[in-house]
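Student: sequence first, then the predicted structure, then my questions.
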Amino acid sequence: MENQKIEWKRQRRDEFLKGLCGLANAQGGTLEIGRGDDGVVVGVDNAKKLLEELPNTIRLTLGIVPSVELLTEGGRDYIAVRVEASGAPVCFHGRYYLRSGSTTMELNGGLLNSFILRRVGKTWDGITIPNVKITDLDTSAFRIFREKAVAYERLRTADLEMSNEALLESLSLVEGGELTRAAVLLFHSNPEKYVFGAFVKVGYFETGADLIYQDEFHGSLITVADQIVDTIYRKYFKGIIGYEGILRVTDYPVPRPALREAIFNAIVHRDYTTGIPIQIKVFPDSVTIYNDGTLPEHWTVVDLLSTHRSRPHNPKIANTFFRSGFIETWGRGIERITTACREAGKREPLFEVSSGEVKVTFYIDDEGGVNRSGKEVDGSVTGGVSGGVTGGENGGVSGSVISGVNGGVAGGAIGGVSGGVNGVPGGVNELRKTILELMRATPTISAQRIADTVGTTKRRIESNINVMKKAGLLNRIGTDKKGHWDVIAYDTNGGVSGGANGGVNTVGGGAPGGIDGGVNGGVRGGENIADGGVNELRKAILERMLKTPTISAQRIAAALGTTKRRVESNIHTMKKAGLVNRVGSDKAGRWEVRYGGRA
């Protein structure tokens with residue numbers, strides 16, 4: 001079978017030299033003349049004459065010395081021509097070819113430029129751009145870089161106490177006194193002035209061609225990198241809030257660490273010579289990142305998906321992204337993406353490589369997780385179980401088994417902290433509540449881990465921790481490395497009652513149902529189920545049914561990371577208890593969730 005190192009030709013024609021050129025520019029390999037596309041030897045005429053002519057023809061045309069051998073199979077002669085990988089670029093009649101997988105492709109434009117540069121020990125992002133001064137660069141980009149480098153502990157504050165010019169020198173972004181393309185892309189407020197198409201597009205599509213709304217991100221890569229991710233999670237996704245104990249957990253259709261890693265990898269590995277921006281298309285059932293680029297030389301898709309060393313297409317951009325904490329440099333990007341999806345109970349993404357393009361597709365199992373309106377949303381509102389506005393609706397008006405317990409008790413605890421503690425400058429805002437929740441869940445968690453989880457800087461986390469320490473909300477027991485957090489505010493009964501009362505004031509007439517019908521209804525509903533009450537899995541199943549009444553048991557299982565049989569068993573139990581009913585057939589029907597006397 002033809003592959004990266006083997007090519008077949010039925011007969012000798014000049015195009016066989018293209019094949020040899022492509023093999024020499026890749027990993028080397030063998031071209032067999034006299035073997036058909038189906039792998040069957042058809043034989044060649046004048047085999048001995050060809051054996052004498054081919055070495056000179058190849059040497060004079062391509063400038064390489066091959067190994068030519070006459071072989072026989074099934075009583076028919078064929079010729080095997082072997083060439084080694086060439087250290088210098090090889091051309092055929094002024095054109096360059098490269099073997100990629102089982103095809104031979106002509107190199108032109110940006111691909112040819114990058115290929116030749118690498119052959120002479122240079123990279124595209126290392127070429128300088130004349131007449132660009134350091135004073136032309138964006139000072140805010142340098143500030144962001146310094147903050148992130150320290151926050152992610154890639155550099156010390158003392159290491160960054162230098163001028164912007166010296167910083168660029170230390171990052172190898174200056175050559176011969178001139179700024180490189182990498183420097184301009186990373187730190188210039190308008191890199192498109194020098195590199196056409198150096199921006200990122202994000203759009204929401206109902207169908208393949210039906211664009212509903214979109215955003216474009218222009219500016220220095222250091223500045224826009226986090227803006228892209230933040231906008232997608234604030235505007236394109238809906239965060240569904242739930243609770244593990246009193247810890248609030250926000251479930252997004254795509255795990256943030258996975259999508260963040262994929263977007264940053266696209267920025268680092270992109271082929272900027274094509275002029276085509278990175279495109280991120282959000283659909284009701286998937287998110288796909290389209291990025292112009294190719295695999296490293298001699299690589300196949302198998303190499304990409306297996307354990308490998310870091311081989312960035314733009315090493316200078318990659319190094320700066322690493323120093324700022326955006327990425328690692330160990331070739332673990334795909335591993336980190338797939339691991340993040342597995343740990344979140346999501347399907348692993350699909351990686352596709354075609355000629356000049358790399359695609360990553362994340363699957364959305366619950367289409368209720370995307371935002372069709374284009375209006376920016378807060379996950380705590382759209383989630384609907386935090387004891388807030390929609391939490392009051394679910395826990396109050398409905399008296400839901402799900403939100404009755406979560407909105408009444410867990411929401412009460414959180415409401416108690418945010419509403420019942422006095423003397424905290426700025427109050428216990430969403431960030432501080434999240435910090436306290438993470439500390440309660442994992443007392444040994446570090447400030448850096450918290451920053452990574454919520455997508456902010458370590459310095460900002462530490463600043464908020466200091467404020468809450470002074471207010472008596474938490475203490476640090478032991479050393480920074482071996483100690484743990486003691487969260488004081490969550491241990492009080494006042495937190496629960498304070499939160500419940502806060503719910504009354506927020507929702508009005510719906511809130512009494514939230515406390516009364518919600519908590520009590522939730523408990524009573526659980527008592528009617530002999531087999532384990534309304535446990536976390538059953539609450540999660542009911543939540544999925546409420547959001548997507550047509551959802552199948554298989555899709556619920558995939559979204560929750562469990563088996564279809566387990567989901568069906570719990571649905572059967574809840575059917576008997578009158579909590580859920582199936583209206584219509586398995587394929588065309590829908591779920592009717594009943595709770596608190598309301599369907």
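Tutor: Here it is on my side, so go on. The model shown is predicted, which means the values in this text are computed figures rather than measured ones. Residues are numbered from 1 along each chain as shown.
Student: neighbours around E462, how many?
Tutor: The tally of other residues near E462 (other C-beta atoms under 10 Å) stands at 15. Quick note: C-beta positions are derived from backbone N, CA and C, even for glycine.
Student: quick check, it in contact with A447.
Tutor: Yes. Taking contacts as C-beta atoms under 8 Å, E462 lies within contact range of A447: 5.2 Å.
Student: just the CA atoms of stretch 89-100, as CSV, please.
Tutor: Extracted in CSV, the C-alpha atoms of stretch 89-100 (Å, rounded to 0.1, in the frame of the first residue of the first chain):
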residue,chain,number,x,y,z
PRO,A,89,15.6,21.7,-0.9
VAL,A,90,15.1,19.6,-4.1
CYS,A,91,13.2,21.1,-7.1
PHE,A,92,12.0,19.6,-10.3
HIS,A,93,11.9,22.1,-13.3
GLY,A,94,11.9,25.0,-10.8
ARG,A,95,9.0,23.6,-8.7
TYR,A,96,9.1,22.1,-5.3
TYR,A,97,7.2,19.0,-4.2
LEU,A,98,6.7,17.3,-0.8
ARG,A,99,5.4,13.8,0.0
SER,A,100,2.6,14.1,2.6
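Student: quick one: buried residues of that stretch?
Tutor: 89-90, 92, 96-100 (16 or more other C-beta atoms under 10 Å).
Student: which one of these sits closest to F264?
Tutor: S100 (25.3 Å; C-beta to C-beta).
Student: residue contacts, the closest one?
Tutor: By C-beta atoms under 8 Å, 6 or more residues apart in numbering, S100 lies in contact with 4, 22, 26, 294-295, 355.
Student: can you flag which of the residues you listed belong to helices?
Tutor: Using DSSP state H, the subset of those located in helices is G22.
Student: now the contacts of S100: which count as buried?
Tutor: The neighbour-count test (16+ other C-beta under 10 Å) marks 4, 22, 26, 294-295 as buried among the contacts of S100.
Student: so which bits of stretch 48-67 are buried?
Tutor: 50, 54, 58, 61-62, 64, 66.
Student: what residues does it touch?
Tutor: By C-beta under 8 Å, 6+ apart, stretch 48-67 touches 12, 17, 20-21, 24, 33, 44, 68, 70, 79, 81-84, 86, 90-93.
Student: now, of these, which are buried?
Tutor: Buried among those by 16+ other C-beta under 10 Å: 12, 17, 20-21, 24, 33, 44, 68, 79, 81-83, 86, 90, 92.
Student: could you list which of these belong to helices?
Tutor: Short answer: those in helices (DSSP H) are 17, 20-21, 24.
Student: make CSV out of those residues and add pLDDT.
Tutor: Output for those, formatted as CSV (pLDDT from 0 to 100):
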residue, pLDDT
L17, 91
L20, 94
C21, 93
A24, 92
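Student: of all those, which comes closest to G74?
Tutor: L20 (24.8 Å).
Student: so how far is A183 from that closest one?
Tutor: L20 is 40 Å from A183, where distance means C-beta to C-beta, to the nearest Å.
Student: for the protein, which strand is longest?
Tutor: strand 76-84 (DSSP state E).
Student: what's that strand packed up against?
Tutor: Applying 3 or more C-beta pairs under 8 Å, 6 or more residues apart in numbering; DSSP states H and E, one finds that strand 76-84 makes contact with helix 15-25, strand 28-33, helix 47-62, strand 67-73.
Student: so for K316, which of these sits nearest?
Tutor: Distance to K316, taken as C-beta to C-beta, is lowest for helix 15-25 among the helices and strands packed on strand 76-84, at 24.1 Å.
Student: which strands or helices does that closest one pack on?
Tutor: Using 3+ C-beta pairs under 8 Å, 6+ apart: helix 15-25 touches strand 6-9, strand 28-33, helix 47-62, strand 76-84, strand 91-92, strand 95-100, strand 103-107.
Student: any idea which residue is closest to the centre of the protein?
Tutor: Central residue of the chain (C-alpha atoms, centre = their mean): L259, 1.7 Å from the mean position.
Student: pLDDT score assigned to that residue?
Tutor: With respect to pLDDT, L259 has a value of 95.
Student: now do whichever strand or helix holds it: everything it contacts.
Tutor: Per DSSP states H and E, L259 falls inside helix 256-269. Outside of helix 256-269, the residues within contact range by C-beta under 8 Å, 6+ apart are 200, 221, 225, 228-229, 232-233, 278, 280, 287, 289, 291, 293, 312-314, 317-318, 321, 326-327, 333, 336-338, 340-341, 344, 346, 349, 358, 360, 362, 452, 455.
Student: of those, grab the buried ones for ChimeraX.
Tutor: In ChimeraX, this line selects whichever of the contacts of helix 256-269 come out buried by 16+ other C-beta under 10 Å:
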select :200,221,225,228,229,232,233,278,280,287,289,291,293,312,313,314,317,318,321,326,327,333,336,337,338,340,341,344,346,349,358,360,362,452
